[in-house]
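**Student:** Pasting a predicted model and its sequence here:
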There are 2 protein chains.
Amino acid sequence: MPRKVTKRRTQVQRTSSMRMRLIGATIESLVGRGYAHTTTVEVCRRAGVTRGALLHHFEDLSALFEASLEWLYDDMGRSSAADAPDAATTDARQFIEQMWSAVAREDFKAVIEIWLAARNDTALARRLQAAISRLGATVSPELNPDIRRLFGGGARAISYFLLVRETMIGMALGRAVTPGGELGHERRVLDLLAALAPSPKVSRSSV
Amino acid sequence: MPRKVTKRRTQVQRTSSMRMRLIGATIESLVGRGYAHTTTVEVCRRAGVTRGALLHHFEDLSALFEASLEWLYDDMGRSSAADAPDAATTDARQFIEQMWSAVAREDFKAVIEIWLAARNDTALARRLQAAISRLGATVSPELNPDIRRLFGGGARAISYFLLVRETMIGMALGRAVTPGGELGHERRVLDLLAALAPSPKVSRSSV
DNA sequence: AATGTTACATACACGCGTGCATGTATTTGC
DNA sequence: GCAAATACATGCACGCGTGTATGTAACATT
């Protein structure tokens, strides 16, 4: 009889797959039960492993949250990129849709949970500071030149981008606190936002 | 020597002041430490009373959260009303500012914490359902006729209001997760929002 | 193939929060 | 003023989560 395929795995394979299982279970738990209920016991129950495994790969819960946040950040980037078959985004409107697709997924509730938790726990905040500010930098018109390229660098353009960003966050929070998902008004707001874009068809940089 | 002024208080005085102390301590704790750390012990420590007092006035923590949310809701209404010296709000722009003043205060983090907590705890959600939906109704263009009166009942007007609402929530979350308060970009977004209002000077209902 | 190292599992002790079951002052009604 | 009710305070038992210490199996190195 053939040997089990899952056997004879190398150490790095075991480590990376175990870490992914734990990160996945953490995100699931954050989405389903929130930060407070996302304990080592709960995560391990979902992952189907013992606490020993978790404590072996992550020195404590905060390390697991950090890894989960990093993974979420990377995966949001991946799903946004999947939206744009072209190499680079060229249109502000497209950028908005990508941003929305990154934020509308239910995983984003995990991000919000972690944000709040970091705000409420100084030690956790210190640990997550780098990851969080990295995330913040990508949606900052000052720090992300792509935003100025797509939206324009003028005062009005930047204000418009900020409006877009805050609206996204607002709708994301709405999804996070609403069990059903699919709020209905979101598409309307998104469309209005697109319609309000300053100089939508003018492709030359007039600033 | 004169008797202490705080003595000889009637039962209803004691009850109402004690309940307010506990509600205040709860909100403080929610703002400062978040939902997870807002325990009966923590609340009583802040209020300077024992757990016996809390359990006497509220059957459990969820009852305290319900009372706190109700109070926050009422107080947000009060602070909004304080913004408008006139009896009723007559201007959409003014309405926006009032909405912002209600949402920009740091207490609103307590509301967000409770929302998330209710989403994460079915039992708490059941208990808070009435209060939460009451809050939601006041910012729903379908359920609150005042909104249609101020913004207009047309599709575009309603979409605009929804945009305003989601933006408020987004900025409120930003304040909730940012220690310092005062984000700086908020006024820019608010001003842009006001500038984007459809038919700002037309006071007759054209719908 | 033997030995060191890594990947997990198990078990114990501790702190913390909760609910309940009392106890003791105040008020209130008569 | 006296009994009943109310407003609190105190103490105990329990569950749950954490950190650590220790064990065992799987892999790597030579």
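**Tutor:** Cool, the structure landed. Residues are numbered from 1 along each chain as shown, chains lettered A, B, ... in the order given.
**Student:** how many other residues sit next to A:Ala195?
**Tutor:** A:Ala195 has 11 neighbouring residues, counting by other C-beta atoms under 10 Å in any protein chain shown. To be clear about C-beta, it is placed using only N, CA and C from the backbone, and glycine gets the same treatment.
**Student:** now do A:Val49
**Tutor:** A:Val49 has 17 neighbours, counted by other C-beta under 10 Å.
**Student:** Could you tell me what pLDDT the model assigned to it?
**Tutor:** For A:Val49, the pLDDT comes out at 96.
**Student:** secondary structure class for it?
**Tutor:** Assigned with DSSP: H, G, I helix; E, B strand; the rest coil, A:Val49 falls in the coil class.
**Student:** ok now do it, which residues does it touch?
**Tutor:** Residues counted as contacts of A:Val49 (C-beta atoms under 8 Å, 6 or more residues apart in numbering or on different chains) are A:Met18, A:Arg21, A:Leu22.
**Student:** swap in A:Gly24?
**Tutor:** So A:Gly24 contacts A:Ala47 (C-beta under 8 Å, 6+ apart).
**Student:** at 7 Å what do you get?
**Tutor:** Not one residue lies near A:Gly24 by C-beta atoms under 7 Å, 6 or more residues apart in numbering or on different chains.
**Student:** ok, it to chain B distance?
**Tutor:** 19 Å (C-beta to the nearest C-beta, to the nearest Å).
**Student:** Please identify the buried residues of the host helix or strand of that residue?
**Tutor:** Per DSSP states H and E: A:Gly24 is located in helix A:11-33. By neighbour count with 16 or more other C-beta atoms under 10 Å in any protein chain shown, helix A:11-33 contains the buried residues A:18-19, A:21-23, A:25-33.
**Student:** That one and DNA strand D in contact?
**Tutor:** Yes - shown here: helix A:11-33 in contact with DNA strand D (C-beta under 7 Å from any atom of the strand) through A:Gln11, A:Val12, A:Arg14.
**Student:** That helix near DNA strand C at all?
**Tutor:** Yes - interface with DNA strand C: helix A:11-33 contributes A:Gln11, A:Val12, A:Arg14, A:Thr15, A:Met18 (C-beta under 7 Å from any atom of the strand).
**Student:** count of neighbours near A:Ser133?
**Tutor:** Residues lying near A:Ser133 (other C-beta under 10 Å) number 11.
**Student:** what's the pLDDT at it?
**Tutor:** 93.
**Student:** Quick check: which helices or strands does the helix or strand containing it pack against?
**Tutor:** Taking DSSP H and E as the criterion, A:Ser133 maps to helix A:122-138. In terms of contacts (3 or more C-beta pairs under 7 Å, 6 or more residues apart in numbering or on different chains; DSSP states H and E), helix A:122-138 is packed against helix A:61-83, helix A:108-120.
**Student:** between the ones you listed, which has the poorest average model confidence?
**Tutor:** helix A:61-83 (a mean of 90).
**Student:** how distant is it from the center of its chain?
**Tutor:** 6 Å (C-alpha atoms, centre = their mean, to the nearest Å).
**Student:** what's the answer for stretch A:98-117, then?
**Tutor:** Stretch A:98-117 sits 5 Å away from the centroid of its parent chain (C-alpha atoms, centre = their mean).
**Student:** Residues contacting that stretch, please?
**Tutor:** Here stretch A:98-117 has contacts from A:27, A:30-31, A:34-35, A:65, A:68-69, A:72, A:76, A:79-80, A:83-84, A:89, A:124, A:128, A:168, A:172-173, A:175-176, A:181, A:190, B:34, B:116, B:177, using C-beta under 7 Å, 6+ apart.
**Student:** Get me the contact residues on chain A for chain B.
**Tutor:** Remark: the part of chain A in contact with chain B comprises A:33-37, A:115-116, A:119-120, A:159-160, A:162-163, A:166-171, A:173-174, A:176-177, A:179, A:185, A:188-189, A:192-193, A:196, using C-beta under 7 Å from any C-beta of the partner chain.
**Student:** and these, which of them are in helices?
**Tutor:** In helices, defined here by DSSP state H, the members of the residues of chain A next to chain B are A:33, A:115-116, A:119-120, A:159-160, A:162-163, A:166-171, A:173-174, A:176-177, A:185, A:188-189, A:192-193.
**Student:** Using TSV, please lay out the residues of helix A:11-33 next to DNA strand D together with pLDDT.
**Tutor:** TSV is the format used below for the residues of helix A:11-33 next to DNA strand D (pLDDT from 0 to 100):
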residue	pLDDT
A:Gln11	78
A:Val12	87
A:Arg14	89
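**Student:** from those residues, which single one is nearest DNA strand D?
**Tutor:** Relative to DNA strand D, the closest of the residues of helix A:11-33 next to DNA strand D is A:Gln11; by C-beta to the nearest atom of the strand it sits at 4.2 Å.
**Student:** could you check whether stretch A:124-135 is close to DNA strand D?
**Tutor:** No - using C-beta under 7 Å from any atom of the strand, stretch A:124-135 never reaches DNA strand D; the gap is at least 11.0 Å.
**Student:** send the alpha carbons of that stretch over as PDB?
**Tutor:** Only the C-alpha atoms of stretch A:124-135 are listed here, as PDB (Å, rounded to 0.1, in the frame of the first residue of the first chain):
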ATOM      1  CA  LEU A 124       0.400  44.800  21.400                       C
ATOM      2  CA  ALA A 125       0.500  48.200  19.800                       C
ATOM      3  CA  ARG A 126       4.300  48.300  20.100                       C
ATOM      4  CA  ARG A 127       4.600  44.900  18.500                       C
ATOM      5  CA  LEU A 128       2.200  45.700  15.600                       C
ATOM      6  CA  GLN A 129       3.400  49.300  15.100                       C
ATOM      7  CA  ALA A 130       5.500  48.500  12.000                       C
ATOM      8  CA  ALA A 131       2.900  46.400  10.300                       C
ATOM      9  CA  ILE A 132       0.200  48.900  11.000                       C
ATOM     10  CA  SER A 133       2.100  51.900   9.800                       C
ATOM     11  CA  ARG A 134       3.100  50.000   6.700                       C
ATOM     12  CA  LEU A 135      -0.500  49.400   5.900                       C
END
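**Student:** Give me the buried positions along it.
**Tutor:** A:Leu124, A:Ala125, A:Arg127, A:Leu128, A:Ala131, A:Ile132, A:Leu135.
**Student:** Noted, bye for now.
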